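Trainee: Pasting a predicted model and its sequence here:
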Number of protein chains: 2
Amino acid sequence: MCELLAMSANVPTDVRFSFAALSQRGGATGAHTDGWGISFYEQKGCRSIHDPNPSAHSELARFIKSYPIKSLIVIAHVRKANRGRIALENTHPFSRELWGSAWSFAHNGQLKGIKKRPLTFYSPIGTTDSEHAFCWLLDRLRTQFPKRPSDPVLARAIAELFAELRRLGVFNALLSDGRALYASCSTKLCYVERRAPFGQASLIDEDMEVDFAQETTPDDRVVILASTPLTRNETWTPVEPQTTLLARNGNIVKTFR
Amino acid sequence: MCELLAMSANVPTDVRFSFAALSQRGGATGAHTDGWGISFYEQKGCRSIHDPNPSAHSELARFIKSYPIKSLIVIAHVRKANRGRIALENTHPFSRELWGSAWSFAHNGQLKGIKKRPLTFYSPIGTTDSEHAFCWLLDRLRTQFPKRPSDPVLARAIAELFAELRRLGVFNALLSDGRALYASCSTKLCYVERRAPFGQASLIDEDMEVDFAQETTPDDRVVILASTPLTRNETWTPVEPQTTLLARNGNIVKTFR
């Protein structure tokens, strides 16, 4: 299995605090030692960092923890390989372009028979179930909508495709095009919403505290999604299994059941 | 204008020495201050680092100069914006998937009328001429070859598409799918081949020397391509204008005139 982390914010926000916790789970407080990756959206652009080494011992991860990249949306993943060998090409988040946007995807779980589903436009580069599922999902969107549909129509279509994937096994997943963040919960996902009045938080996986009141303005809103809670003194809400969440500008704006 | 750097090697090779020179040209010894990027191929996988900040003053570039990533193929670029604002999405190398391979592309020059050419499969995420040219090129390959053709047929097709792009203006460019490196020279590109007996080299842009004999085995072969020479005591061969080079496993294997 793997662990997931995502952020949606209404102002460019630094995700280092949460990433510090996630990266500890790649070899220190967790056994997700088979690579890690993180995608940062900055307006239309997206930069992704991938490393097939354990994040807890990765110099690149240490650098990312020390280097503030401010984003509106972030998706990150630490990997415990089940399908697909340890290799850069099997490291999440995967990315593809659709309708002139950069899409990113990370997945925790296994999907029975996904690789038998034919693909039309997108092909996997690596050998994971997850990348095949991502290619299939974008293929379906592209076939249904030759041009980008309205936001509500797109969200509904993604929720339906997520539900179809959940029927194949475990599909805890994160998807973004830089405008919105889509999260599927099959079995395990939770979130915390941070807004004024901001308080303090301490990480569970590392001896690290932050006082968000020092780092924010009263209008800031941030939602953090993770496989399991990252902090000990905040209220993490479990996502209801078999649902899809839509987050935008630091808010959970819709739940699809 | 921009500056280009590429490497092809027959064993996984660290490109930090050459990247140190290129990155100085992003704000110290050159005025290419509008972002930089580098793509490293490791077998089928490709990791790209992008930064819209000047490479000479970028903490991320400093980290990359200190962190050995061993690759068979590297493409790097420092940008001086002419078309398309300074932004992450306009930072080369651009990447797309075709036939299950990760393709990367970086360009120096301007192409008249390229944006009027219609696109079918791939759409630009940013607003540069260069990304439009890359999308157009992959579109054409995909239309001509629904499946990946043989290496010689593919190389010939790429050389023809490069020649067509050169007719639109200045097209010094680098392209790779992780198997081979294709370089187009319109006006300015040169290369150095390193093989046994290995000697010493000193960078022009920075006070830095390396003794390749200490770093290599007698069978290693590396070719470095750059817009202008990066070292002072090696023989850099100018690429003939209006040609395409094909490099594989550290050798220039073919020139298309």
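Mentor: Sure, I can see it.
Trainee: what helices or strands is the longest strand anywhere in chain A leaning on?
Mentor: When chain A is scanned for its longest strand (criterion: DSSP state E), the result is strand A:3-14. Helices and strands touching strand A:3-14, by 3 or more C-beta pairs under 8 Å, 6 or more residues apart in numbering or on different chains; DSSP states H and E, are helix A:16-24, strand A:70-78, strand A:101-108, strand A:172-176, strand A:181-185, strand A:221-226, strand A:243-248. Heads up, the C-betas are built off the backbone N, CA and C, glycines and all.
Trainee: If we use 6 Å, what do you get?
Mentor: Strand A:3-14 sits against strand A:70-78, strand A:221-226, with contacts defined as 3 or more C-beta pairs under 6 Å, 6 or more residues apart in numbering or on different chains; DSSP states H and E.
Trainee: where exactly do the helices run in the stretch 151-257 of chain A?
Mentor: With helices called from DSSP state H, counting those that start in this stretch, the stretch 151-257 of chain A shows them at A:151-166, A:212-215.
Trainee: quick one, the first one and strand A:172-176 angle?
Mentor: With axes from the mean of the first three to the mean of the last three C-alpha atoms, to 10 degrees defining the directions, helix A:151-166 sits at 150 degrees from strand A:172-176.
Trainee: Flag every buried residue along helix A:151-166.
Mentor: A:154-159, A:161-163, A:165-166 (16 or more other C-beta atoms under 10 Å in any protein chain shown).
Trainee: check contacts around the spatially most central residue of chain A.
Mentor: Ranked by distance to the mean C-alpha position of chain A (C-alpha atoms, centre = their mean), the top residue is A:Ile75 at 3.5 Å. Contacts for A:Ile75 (C-beta atoms under 6 Å, 6 or more residues apart in numbering or on different chains) come out as A:6, A:39, A:93, A:104, A:106, A:174, A:176.
Trainee: The last one reaches A:Ala102, doesn't it?
Mentor: This points to A:Ser176. No: proximity of A:Ser176 to A:Ala102 does not meet the contact threshold set by C-beta atoms under 6 Å, at 8.8 Å.
Trainee: ok, the two, which is more surrounded?
Mentor: Per other C-beta atoms under 10 Å in any protein chain shown, whichever of A:Ser176 and A:Ala102 has more neighbours is A:Ser176, with 27 against 23.
Trainee: and the more buried one, what are its bridge partners?
Mentor: Beta-bridge pairing for A:Ser176 (DSSP bridges): A:Ser104, A:Leu181.
Trainee: show me what contacts it?
Mentor: Applying C-beta under 6 Å, 6+ apart, the residues contacting A:Ser176 are A:73, A:75, A:104.
Trainee: Distance-wise, check the last one relative to B:Ser227.
Mentor: Between A:Ser104 and B:Ser227 the computed distance is 32 Å (C-beta to C-beta, to the nearest Å).
Trainee: and the residue of the stretch 101-250 of chain A nearest chain B?
Mentor: At 3.9 Å from chain B, A:Ser123 is the closest residue in the stretch 101-250 of chain A, using C-beta to the nearest C-beta.
Trainee: can you tell me how far the closest residue to that residue other than its chain neighbours sits from A:Lys115?
Mentor: Leaving aside its sequence neighbours, A:Ser123 sits nearest to B:Gly100 (C-beta to C-beta, 6 or more residues apart in numbering or on different chains; 3.9 Å). As judged by C-beta to C-beta, B:Gly100 and A:Lys115 stand 13 Å apart.
Trainee: Over to A:Tyr67?
Mentor: 37 Å.
Trainee: picking up where we left off before, please name the bridge partners of the residue nearest to the centre of chain A.
Mentor: Beta-bridge partners, per DSSP bridges, of A:Ile75: A:Ala6, A:Ser39.
Trainee: Tell me which residue of the stretch 51-200 of chain A lies closest to chain B.
Mentor: A:Leu88 (2.7 Å).
Trainee: Show me what the closest residue to that residue other than its chain neighbours is bridged to.
Mentor: What sits nearest to A:Leu88 in space, not counting adjacent residues and going by C-beta to C-beta, 6+ apart, is B:Gly45, at 2.7 Å. With DSSP bridges as the criterion, B:Gly45 is bridged to B:Glu42.
Trainee: Return the member of the contacts of A:Ile75 nearest to A:Asn53.
Mentor: Nearest to A:Asn53 out of the contacts of A:Ile75 is A:Pro93 (C-beta to C-beta; 16.5 Å).
Trainee: which residues touch the closest one?
Mentor: A:37, A:39, A:75, A:77, A:104-106.
Trainee: Next one: it relative to B:Ser130, how far apart?
Mentor: From A:Pro93 to B:Ser130 the distance is 24 Å (C-beta to C-beta).
Trainee: likewise A:Asp205?
Mentor: Counting by C-beta to C-beta, the gap from A:Asp205 to B:Ser130 is 42 Å.
Trainee: who's more crowded, those two?
Mentor: B:Ser130 (29 against 19).
Trainee: my guess is the more buried one meets B:Phe105, correct?
Mentor: No: judged on C-beta under 6 Å, B:Ser130 makes no contact with B:Phe105 at a distance of 7.5 Å.
Trainee: Not including adjacent chain positions, what is the nearest residue to A:Asn43?
Mentor: You called it Asn, but residue A:43 is Gln. A:Gln43 sits nearest to B:Ala87 (C-beta to C-beta, 6+ apart), 6.5 Å away.
Trainee: For chain A, which residues are neighbours of chain B?
Mentor: Applying C-beta under 6 Å from any C-beta of the partner chain, one finds that chain A approaches chain B through A:42, A:44-45, A:47, A:50, A:59, A:63, A:67, A:87-89, A:100, A:102, A:123, A:125.
Trainee: what about A:Asn82, neighbour count?
Mentor: 13.
Trainee: Can you tell me the element it falls in?
Mentor: If you go by DSSP states H and E, A:Asn82 is not part of any helix or strand.
Trainee: mind checking how far it is from A:His57?
Mentor: 21 Å.
Trainee: List the residues that contact A:Ala173.
Mentor: A:107, A:184.
Trainee: so A:Ala247 sits right up against A:Leu181, yeah?
Mentor: Yes: A:Ala247 is within contact range of A:Leu181, at 4.3 Å (criterion: C-beta under 6 Å).
Trainee: more crowded one of these two?
Mentor: More neighbours surround A:Leu181 than the other of A:Ala247 and A:Leu181, with 29 against 26 (other C-beta under 10 Å).
Trainee: Identify the residue nearest A:Phe134 in space, chain neighbours excluded?
Mentor: A:Phe134 sits nearest to A:Phe105 (C-beta to C-beta, 6+ apart), 4.2 Å away.
Trainee: Next, the contact list for A:Ala76, please.
Mentor: Here A:Ala76 is in contact with A:5, A:22, A:38 (C-beta under 6 Å, 6+ apart).
Trainee: let's go with 7 Å and repeat that
Mentor: A:5, A:19, A:22, A:37-38 (C-beta atoms under 7 Å, 6 or more residues apart in numbering or on different chains).
Trainee: So which of those residues is surrounded by the most neighbours?
Mentor: Going by other C-beta under 10 Å, A:Ile38 tops these with 29 neighbours.
Trainee: Could you confirm A:Asp34 falls within a strand?
Mentor: No: applying DSSP: H, G, I helix; E, B strand; the rest coil, one finds A:Asp34 to be coil, outside a strand.
Trainee: For it, grab the count of nearby residues.
Mentor: 23.
Trainee: contacting residues around it?
Mentor: A:Asp34 touches A:79-81, A:86, counting by C-beta under 7 Å, 6+ apart.
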